[in-house]
Every structure is written in structure tokens, then in C-alpha cells.
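Undergrad: quick one: sequence plus predicted model below, questions after.
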Amino acid sequence: MKWDIAGRYYLLHLLRRDIECNNWTRYKCMRCVFSDESQGFSLNLVRREITDNDIFPDTIRPRITRSSYLYTIDASIGTPPRKRTFIFDTGSDLTWTQCTPCVHCFKQDYPLFDPKSSTSYKRLTPSQALARFFQRSSNGECVFNMTYMSGQSSSGIASVETFTFPSNKRAAESVKGVAFGCSNNHRGQMTSNTMVTGIMGMNRSPLSLISQMGTKSARRFSYCLPKLSSPVKSTFLRFGNDIKDKGSFQKTSFVSVGNDYSVSLLAISINGRQLSLPRGALSKGCVLDVGSGASDIEMGVYKVILSVLREHFDRFNLTRVNDIPSPLGDLCYRVQRGFRSYPSMVLHFQGSNFEIGAANLFRLRDDHFCLGLFGQQGMSMTMILGAYQQQNVRFVYDVGNGKLLFGKEDCSLDKA
């Protein structure tokens with residue numbers, strides 16, 4: 001399900017005589033004084049610049065934990081707070097968790113979230129700003145129905161609640177008034193990890209968590225996913241000033257249309273050789289999606305990649321393996337002793353080059369290896385860059401300025 005990004009708006013509250021208020025924004029403090037002496041009103045504006053340290057997302061620092069080929073984040077919801085585990089998904093908009101009463105739910109270790117047990121829970125009302133992004137039930141309630149590319153679906157009640165996260169000050173940081181989904185009907189297998197209770201949506205939609213968490217300059221988040229082979233299973237999701245500036249990041253711009261983190265894909269190279277592709281084959285761009293375990297590529301482009309890789313490995317007389325079970329890949333070979341000539345791939349973005357080294361391009365086993373990319377028909381984008389190809393790379397999503405920054409990093413060293 002996709003959402004349109006609506007324009008921002010501001011509300012000015014007019015107050016009765018002799019009542020003053022402070023209305024804080026990212027850029028200034030507006031002190032408003034109502035006067036009815038001439039049947040009008042006056043505004044006294046007092047400017048105060050606010051630093052990034054005044055914005056709460058800068059202090060939130062939850063852990064990202066590897067769960068097979070997916071990554072999860074723990075957060076607590078409600079009052080009192082109750083811990084939940086979410087799949088971290090930069091390709092989704094709405095954050096949701098399973099709730100009571102439940103018609104059909106997948107198995108989870110945590111008890112279902114009970115809205116009646118939280119003093120801060122509310123249903124989203126039609127008069128609230130984000131209500132326009134939800135469907136309406138027959139009785140006028142705001143409801144949601146999410147459908148995913150992998151076939152699962154989840155539906156329920158649009159709700160508002162307090163979310164609580166770990167922070168960089170080793171204390172809890174609460175965010176009030178977060179719109180989320182209380183799911184009471186889920187279809188399809190979610191994950192084998194029974195700790196998972198739902199999805200944390202982090203794309204550019206107004207409904208996503210990052211969009212609800214801060215103003216333009218604070219809408220920055222960053223992560224670094226450690227290798228699957230690393231003993232380190234958890235790193236940090238960082239926001240705002242908590243993001244470490246390496247000074248050597250490559251940079252590209254997000255495509256302005258849509259809510260996905262889509263970037264322009266100009267060319268693809270393998271071992272320094274640019275692929276010969278039909279004109280317009282890459283025009284639909286590349287979408288970054290941590291919620292996808294591995295990368296998918298439009299079938300026409302995928303077939304060209306397979307052809308080039310087969311030609312490369314044939315020069316070394318490697319033995320093809322055709323009986324490897326899915327989902328390890330369509331191109332597999334027996335490991336040959338002493339073989340080290342694995343090719344790399346480069347995605348040429350606008351203004352930058354993203355290298356996928358052999359360790360991220362192939363799934364290496366003791367006796368065989370397989371290409372870690374998959375071809376798909378009918379995709380709305382040329383490529384989805386999944387979590388497997390993002391290992392050991394620091395990504396900074398500067399959502400407010402429409403920029404993606406990235407650079408190689410040993411993600412196992414991402415410590416508090």
C-alpha cells in the first residue's frame with residue numbers, strides 16, 4: 001500500500017485576552033498575545049534558534065538485531081510500557097503490532113498488546129491530521145489494510161499510542177502521540193522468529209515512524225548491518241546528531257516521487273565491465289529496503305547479469321550445481337580449492353558508486369556458493385537493494401534534505 005506525501009501545514013491558535021502561550025517549532029519560539037481592544041489581535045514574535053539537541057530523536061538509540069536475513073528493533077508501547085519486537089523495514093510506511101481482540105494472528109512469544117491495559121491508548125479519530133491516509137470502516141472508524149510483496153497482509157484499527165525507546169543516555173525516551181496500527185487480522189507467514197510482533201515502517205510516508213518523529217533537520221537516521229558471519233548480532237539505529245560523520249561518505253539524491261527510498265540507477269558493472277543493457281532498462285531506479293532479506297532485480301536485467309557471471313566462472317572450469325534448494329539462488333557452483341577469483345558488482349548511482357563485493361554478492365558455503373540476487377517479473381522498480389547486499393556499509397538517510405549517504409565500515413565496531 002502506498003501513500004501520497006501531503007503538504008505541511010501549521011496551526012495558529014488564537015487565545016482569549018490576557019492568556020499567553022509558547023508555541024515551539026524547530027526554528028523559533030512564537031509568543032502569542034490576544035488583544036480585543038480593536039476587535040482584532042496582535043502577535044509578539046520572539047525568535048529563538050533551537051539546536052538539534054533540543055529535538056528528541058537525537059537521543060533515541062535502539063538496537064538493530066539480526067534475525068536470520070532480517071533485522072529487528074525493540075520498542076515499548078503504551079502506558080505502562082510493554083516491550084514489542086518489530087521487523088525494521090525501510091520499505092514500509094505504517095508501524096503496526098498485533099493486538100487483542102485477534103481474529104487471526106501469527107504466533108508470537110509476547111502477549112498480544114491489549115489496548116484496554118494502556119492509559120495512553122486512543123483510536124485515531126477522523127478529525128486528526130493523519131486520518132486522511134487511512135481507510136474508513138462501515139461505522140466510520142479509521143482502519144488499515146497492509147499488503148506486502150511477499151504475500152502477507154495485515155489489517156486492523158488505526159490507533160495512537162506512546163512509544164518508548166532506549167536512548168544514548170542509557171535511559172528510556174518516550175514519544176507521545178504516534179499513529180500506528182493495531183492489527184487483529186494477519187494472513188501469511190510472517191517470520192520464523194516468534195519474538196516478532198509486527199513491523200516498524202521507516203519509509204518517507206507521513207505515516208512512517210521517522211516522519212512522525214522530528215522536524216526537517218532532525219529527520220536523519222543511520223544504521224550499519226554487521227556481517228551474517230560476525231559474532232556481533234546487534235548494532236544501533238541512530239538519529240540526528242547521534243550519527244557519526246565519517247567525512248568520506250558517498251552521496252546521492254532520493255528520487256522525489258513516491259515514498260520509497262529510491263535512487264537513480266544509471267549503470268551496472270561487473271568486474272569493471274559495464275553491462276550492455278537495452279535503453280531504459282534501469283529507468284525505474286533502485287529502492288533501498290532493509291525489510292527485504294536479499295536483492296531483487298527486474299528479470300530482463302537479471303538475465304544479463306547471469307550471462308556475464310556464467311561467462312566469468314566458465315573461464316575457471318567451475319562445476320555448476322543445480323540441486324541447491326531455494327532460496328539460495330539460481331546460479332550456484334562447487335567450491336574449488338584455492339579459488340579466489342570472485343567478481344564484484346558496482347551500482348552506478350547519480351553522483352556515486354555502490355560496490356557490492358564478493359562477500360555481499362554471493363552466499364558462500366563450505367562446499368558451494370550461490371549468487372545472492374534474485375530475478376523478479378513485473379517489478380515497479382528496476383532493483384530492490386536488500387539487507388544482504390547492505391552488510392558492512394554505513395547508511396545515512398537524510399530524509400529532510402532528500403539525500404542518501406553511504407560508506408564502507410566494519411559494522412561490528414558500532415558501539416555505544
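TA: Now that the structure is in, tell me what you want to look at. Fair warning: this is a prediction, and the values are worked out from it, not measured in the lab.
Undergrad: for the lengthiest helix in the chain, buried residues please.
TA: Taking DSSP state H as the criterion, the chain has its longest helix at helix 299-314. Using 16 or more other C-beta atoms under 10 Å as the test for burial, helix 299-314 gives Val301, Tyr302, Val304, Ile305, Leu306, Val308, Leu309, His312, Phe313. Every residue, glycine included, has its C-beta placed from N, CA and C.
Undergrad: show me the contacts for the first one.
TA: Residues near Val301 by C-beta atoms under 8 Å, 6 or more residues apart in numbering: Ile268, Leu275, Leu277, Ala281, Leu282, Thr382, Met383.
Undergrad: distance between the longest helix of the chain and the chain's centre?
TA: Counting by C-alpha atoms, centre = their mean, to the nearest Å, helix 299-314 is centred 30 Å from the centre of its parent chain.
Undergrad: just checking, what packs against the helix or strand just after that helix?
TA: Using DSSP states H and E, the helix or strand that follows helix 299-314 towards the C-terminus is strand 320-321. Judged by 3 or more C-beta pairs under 8 Å, 6 or more residues apart in numbering; DSSP states H and E, strand 320-321 is in contact with strand 332-334.
Undergrad: what lies in contact with the strand it packs on?
TA: With contact meaning C-beta under 8 Å, 6+ apart, strand 332-334 is reached by Phe313, Leu318, Thr319, Arg320, Val321, Asn322, Ile324, Asp367, His368, Phe369, Cys370, Leu371.
Undergrad: tell me the mean pLDDT for that strand?
TA: For strand 332-334, the mean per-residue pLDDT is 93.
Undergrad: the helix or strand that that strand is followed by: partners in the sheet, and parallel or antiparallel?
TA: Downstream of strand 332-334, the first helix or strand assigned by DSSP H and E is strand 345-349. Note on strand 345-349: by DSSP bridges, its sheet partners are strand 265-270 (antiparallel), strand 352-356 (antiparallel).
Undergrad: CA atoms only for strand 345-349 - export them in PDB, please.
TA: C-alpha atoms of strand 345-349 as PDB (Å, rounded to 0.1, in the frame of the first residue of the first chain):
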ATOM      1  CA  MET A 345      29.400  -5.600  -8.900                       C
ATOM      2  CA  VAL A 346      29.100  -1.800  -8.900                       C
ATOM      3  CA  LEU A 347      25.700   0.000  -9.000                       C
ATOM      4  CA  HIS A 348      26.300   3.400 -10.600                       C
ATOM      5  CA  PHE A 349      24.000   5.900  -8.900                       C
END
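Undergrad: what's next to it, contact-wise?
TA: Contact with strand 345-349 is made by 252, 263-270, 274, 286, 305, 353-356, 361, 383, 385, as judged by C-beta under 8 Å, 6+ apart.
Undergrad: so how far is that strand off the chain centroid?
TA: Taking C-alpha atoms, centre = their mean, one finds the center of strand 345-349 at 21 Å from the center of the full chain.
Undergrad: likewise stretch 140-160?
TA: Relative to the centre of its chain, stretch 140-160 is centred 18 Å away, using C-alpha atoms, centre = their mean.
Undergrad: what's next to that stretch, contact-wise?
TA: By C-beta under 8 Å, 6+ apart, stretch 140-160 touches 1, 92, 94, 96, 99, 115, 121-126, 128, 130-131, 134-137, 177-190, 198-199.
Undergrad: what's the neighbour count on Ile77?
TA: A count of neighbours around Ile77, defined by other C-beta atoms under 10 Å, yields 27.
Undergrad: now it: phi and psi?
TA: Dihedral angles of Ile77 (phi, psi; degrees, to the nearest 10) stand at phi -130, psi 150.
Undergrad: what's near enough to touch it?
TA: Ile77 sits next to Arg84, Thr97, Phe113, Ser118, Glu161, Thr162, Phe163, Thr164, Phe180 when contact means C-beta under 8 Å, 6+ apart.
Undergrad: kindly state the beta-bridge partners for the third one.
TA: When assigned by DSSP bridges, Phe113 has beta-bridge partners Cys99.
Undergrad: any idea how far Tyr148 is from it?
TA: 20 Å (C-beta to C-beta, to the nearest Å).
Undergrad: more neighbours, these two?
TA: Using other C-beta under 10 Å as the criterion, Phe113 and Tyr148 rank with Phe113 on top: 24 against 16.
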